[in-house]
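Colleague: Sequence first, then the predicted structure, then my questions.
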Amino acid sequence: YDAYAPGVLPQQSEERIWIERKAAEFRKYLAQAKRAGIAVYPHIDMLVVPKSVMAKYGDEMKSHGNLTVVKPRTQEVIRAQVDELFTRYPDLGGLVIRFGETYLHDTPHHVGGKPVHNPGDHNLLINLLREEVCVKRGKKLIYRTWDFGQLHTQAKLFRAAFDSVEPHPNLYLSIKHTNYDFCRDKPFNVTIGLGRLQQIVEVSCNQGGLYGKNAHPYYFAKGVIDGFNDMPEKGRRGVRSLLGDEKVRGLWLWTWGDGWKGPYFDNEFWMKLNESVLRAFTLHPEKSEEEIFAAYAKGTLGLGAADVARFRRLCLLSEDAVFYGQHTQLASVPNVEWWCRDHFFCEVDLFPAYKAGKLEAVLAEKRENLARWAELERLSRAIRFANAEDAHFVRVSTTYGRMKYGIAELIWRICGRFAEARGGKPVTPAEAKAFVAEFDAKWKEWEKLKADNPDCPTLYQIRCSVQHYVSAPLFGETLDRLRKLAEE
């Protein structure tokens, strides 16, 4: 902020030293990208500033204790940020603007939060940035609409924010393909295609960190392109439905990121499959998903016709095997999208399903889904891949998935029994002992798979000493209750 507020960050202060070190790291990354011919669009959290800047100007940037872009000082600070970014890094291709989530856990000398709270604020901010980034500097501005249930998913709020904004060749809105976060049971985003501004569609290859993060088979590319199986047949749609809308310029694919923790692995087989099919569709949208899939299976994986058919069956089966292994649409289940996010197994609250008389149907759904995973495992062993490492990883990761969803089925069964206990039918010591023995056996089998195979992804956790980002107890607490009951 030397040009805007000389001395606000004193030389040799901890704040300034930290910032300068980060700047040096970023210059190295930017130079590498330039040599590779890759344009860089860093994510900018709106609005984060050094603590010294907030101490000096914070009162002038807030209304009722909250940062707001309505304040003239806030606008000045944003303009100063943009000016210094492009002065320091003239090779930047542009900026990606984030405002829906602001994280400060790795920025010890910064504070902040979102300065936009309604459509009018967004209109003010995007016009300010359009002028500074697109008009003055000829750079790209990618304005993410992601927030929690506001203009990202409500057409009326979306149009109030953006309809009066003049289009510019370098201005894009970035919108997730789902009408919420990357959750399977949500409709296609209703704001995509609205208005006059150019758009790109966000697709995460980790799908919110909700479905295994590519540690095991989960072919979701077909669902993104043409709609998922669990969507109602009437109104089912994917990104193919956007063909012909010239405002929609393409897809933005996240290959890593999304979520917070594991599972971790070193073979990107399943990630590459989904990314490659989605990228090929973006470049050749006249082709069918099946045609693109077959070309990848033959050309990249080197599969013969019979193995292409087997691999196709495996992948299509995985779409339902993952979803119905951890989700249900048969009853209302709190946190049903989030209970196994990243590498955590949480407790599942099945009491609402029990009260609604739907518990047996929900548990049967999980039990019957195990047959899908048994078939997936058989298929993984029958396919002859050209690459031996990939062949081994496909087998191991599919077995990993079969074991994971076997444990998931048991977790739902145990949680269902505790739901019955809440309804007046206590869990007996004999039942608890049987549940504990079954869980321990399944978990040891999973641990052995990991111990015997270096390429096996890391296992899930039922206990954790750090925040696990799900508002439900980890399953370890439920297991402890069972062990205590078993000892009675």
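Modeller: Sure thing, it's come through. In this text, all values refer to a predicted model and were calculated from it rather than measured experimentally.

Colleague: got the phi/psi numbers for L251?
Modeller: Main-chain torsions, L251, degrees, to the nearest 10: phi -110, psi 150.

Colleague: That one pairs with what?
Modeller: Taking DSSP bridges as the rule, L251 bridges to V201.

Colleague: and it, what does it touch?
Modeller: I200, V201, E202, V203, V239, L278, R279, T282 (C-beta atoms under 8 Å, 6 or more residues apart in numbering). Heads up, the C-betas are built off the backbone N, CA and C, glycines and all.

Colleague: which residues are contacting stretch 354-364?
Modeller: In contact with stretch 354-364 (C-beta under 8 Å, 6+ apart) are residues 328, 330-333, 350, 353, 412-413, 416, 419-420, 422-423.

Colleague: Using CSV, lay out the residues you listed together with pLDDT, neighbour count and secondary structure.
Modeller: Converted to CSV, the contacts of stretch 354-364 look like this (pLDDT from 0 to 100; neighbours: other C-beta atoms under 10 Å; DSSP: H, G, I helix; E, B strand; the rest coil):
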residue, pLDDT, neighbour count, secondary structure
T328, 97, 21, coil
L330, 97, 17, coil
A331, 97, 18, coil
S332, 97, 13, coil
V333, 97, 21, coil
L350, 98, 27, coil
A353, 98, 25, helix
W412, 98, 24, helix
R413, 98, 16, helix
G416, 98, 20, helix
A419, 98, 20, helix
E420, 98, 15, helix
R422, 97, 13, helix
G423, 97, 11, coil
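
Colleague: Adding distance to T191, write those residues out as a markdown table.
Modeller: Rendered in a markdown table, the data for the contacts of stretch 354-364 read as follows (distance: C-beta to C-beta, whole Å):
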| residue | distance to T191 |
| --- | --- |
| T328 | 28 |
| L330 | 29 |
| A331 | 30 |
| S332 | 26 |
| V333 | 27 |
| L350 | 34 |
| A353 | 32 |
| W412 | 34 |
| R413 | 40 |
| G416 | 38 |
| A419 | 37 |
| E420 | 42 |
| R422 | 40 |
| G423 | 42 |
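
Colleague: Pick out whichever of the residues you listed sits closest to Q150.
Modeller: When the contacts of stretch 354-364 are ranked by distance to Q150 (C-beta to C-beta), S332 comes first, at 23.6 Å.

Colleague: now the helices for this protein?
Modeller: 14-35, 51-61, 72-88, 119-129, 155-162, 221-226, 269-283, 289-299, 305-326, 351-355, 359-382, 388-422, 429-452, 475-486 (DSSP state H).

Colleague: Identify the residue nearest I192 in space, chain neighbours excluded?
Modeller: Distance criterion C-beta to C-beta, 6 or more residues apart in numbering; nearest residue to I192, sequence neighbours excluded, is I175 at 5.3 Å.

Colleague: Relative to F265, how far out is R144?
Modeller: According to C-beta to C-beta, to the nearest Å, R144 and F265 sit 28 Å apart.

Colleague: E477 and D349, how far apart?
Modeller: For E477 relative to D349 (C-beta to C-beta), the value is 13 Å.

Colleague: Neighbour count for the two, which is higher?
Modeller: The neighbour comparison of E477 against D349 (other C-beta atoms under 10 Å) goes to D349, with 20 against 13.

Colleague: That one reaches S471, doesn't it?
Modeller: No: judged on C-beta atoms under 8 Å, D349 makes no contact with S471 at a distance of 10.6 Å.

Colleague: shared neighbours, the two?
Modeller: N335.

Colleague: can you count the residues close to L479?
Modeller: 21.

Colleague: unless I'm mixing things up, it is touching I462, no?
Modeller: Yes: L479 sits in contact with I462 when judged by C-beta under 8 Å, with a separation of 6.5 Å.

Colleague: got a pLDDT number for the residue nearest to the spatial centre of the chain?
Modeller: Centroid-nearest residue in the chain: G208, 2.2 Å away (criterion: C-alpha atoms, centre = their mean). In this model, G208 is scored at 91, pLDDT.

Colleague: which ones are touching the closest residue in space to it that isn't next to it in sequence?
Modeller: Residue nearest to G208 in three dimensions, not counting chain neighbours: F182, with 3.7 Å by C-beta to C-beta, 6+ apart. Contact analysis of F182 by C-beta under 8 Å, 6+ apart lists K176, S204, N206, Q207, G208, L210, D258.
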